[in-house]
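Novice: below are the sequence and a predicted model for it; my questions follow.
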Amino acid sequence: MAHVLVVGGGVGGLATALLAARRGHTVELFERDTRVPGTALDRDFFGWRRPAVPQATQPHALLGAARNVLRDDLPDVHAEMLRLGARERHELDWFDVRPPARPGDEDLVMLQARRIVLESALATALRGEPGVVTRYGEPVTGLTTAPGVRVPGVTTPSGATGATSSWTRLLIRFCLFLV
């Protein structure tokens, strides 16, 4: 199995780390923000200033296909989102008179929530995974490169690097823009 480094602890990074861990990989997630989502939803929503995440306070919706992937592949995350207040709405409920039923209509259910609800549900699930290390407050400042097209690790201000000689494969998923 691979050791996976994930750069960025937003929705994409948390989901990547969680799915990689559940497929048997060890994972290190690096996030520059020191705050961990999910400890206090209202405080996070109203008081967490996130200049790099301007959409953080906007409502979020997972359309039918994305909601179904979440429900089928990460049922604990789906259930946690509902527990935290996310709402499911059938996309055809917007019509005064529903159009005639067609195959697949049952999957046209969107999941609506604050972004922090999705991040909190993902972070909660990730905390329960063995083999995962989360490094909040540790931004990635560079990549460690090797001959050929290889990136065996990352560097951070504290000097941490993900590289060790025992790693045979490495996946780095960028969830932030390195300037």
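Specialist: Arrived safely.

Novice: just the terminal-to-terminal distance for stretch 123-132.
Specialist: Stretch 123-132 stretches 11 Å from its first residue to its last (C-alpha to C-alpha, to the nearest Å).

Novice: what's that stretch in contact with?
Specialist: Residues outside stretch 123-132 that contact it (C-beta atoms under 8 Å, 6 or more residues apart in numbering): 9, 14, 17-18, 21-22, 25-29, 36-38, 74, 76-77, 80, 134. Using the backbone N, CA and C atoms, a C-beta is placed for each residue, glycine as well.

Novice: cross those residues against helices and list the overlap.
Specialist: Leu14, Ala17, Leu18, Ala21, Arg22, Asp76, Val77, Glu80 (DSSP state H).

Novice: contacts only, for the fifth one.
Specialist: When the contact criterion is C-beta under 8 Å, 6+ apart, the partners of Arg22 are Glu129.

Novice: sketch out the low-pLDDT regions of the protein for me.
Specialist: For the chain, the stretches flagged by pLDDT under 70 are 51, 149, 160-179.

Novice: in it, which spans are helices?
Specialist: Counting by DSSP H, the helices of the chain are 11-22, 41-47, 64-73, 75-83, 115-127.

Novice: which secondary structure elements does the shortest one contact?
Specialist: Contact here means 3 or more C-beta pairs under 8 Å, 6 or more residues apart in numbering; DSSP states H and E; on that basis helix 41-47 packs against helix 115-127.

Novice: please spell out which residues along the helix it packs on are buried.
Specialist: Arg115, Ile116, Val117, Leu118, Glu119, Ser120, Ala121, Leu122, Ala123, Thr124, Ala125, Leu126 (16 or more other C-beta atoms under 10 Å).

Novice: report the angle between that helix and helix 75-83.
Specialist: 140 degrees (axes from the mean of the first three to the mean of the last three C-alpha atoms, to 10 degrees).

Novice: and the gap between Gly131 and Glu106?
Specialist: For Gly131, the distance to Glu106 equals 36 Å [C-beta to C-beta, to the nearest Å].

Novice: comparing those two, which residue is more hemmed in?
Specialist: Neighbour count, other C-beta atoms under 10 Å: between Gly131 and Glu106, Gly131 has more, with 14 against 11.

Novice: returning to what we had before: now which of the contacts of stretch 123-132 would you call buried?
Specialist: Buried members of the contacts of stretch 123-132, scored by 16+ other C-beta under 10 Å, are 9, 14, 17-18, 21, 25-29, 36-38, 74, 77, 80, 134.
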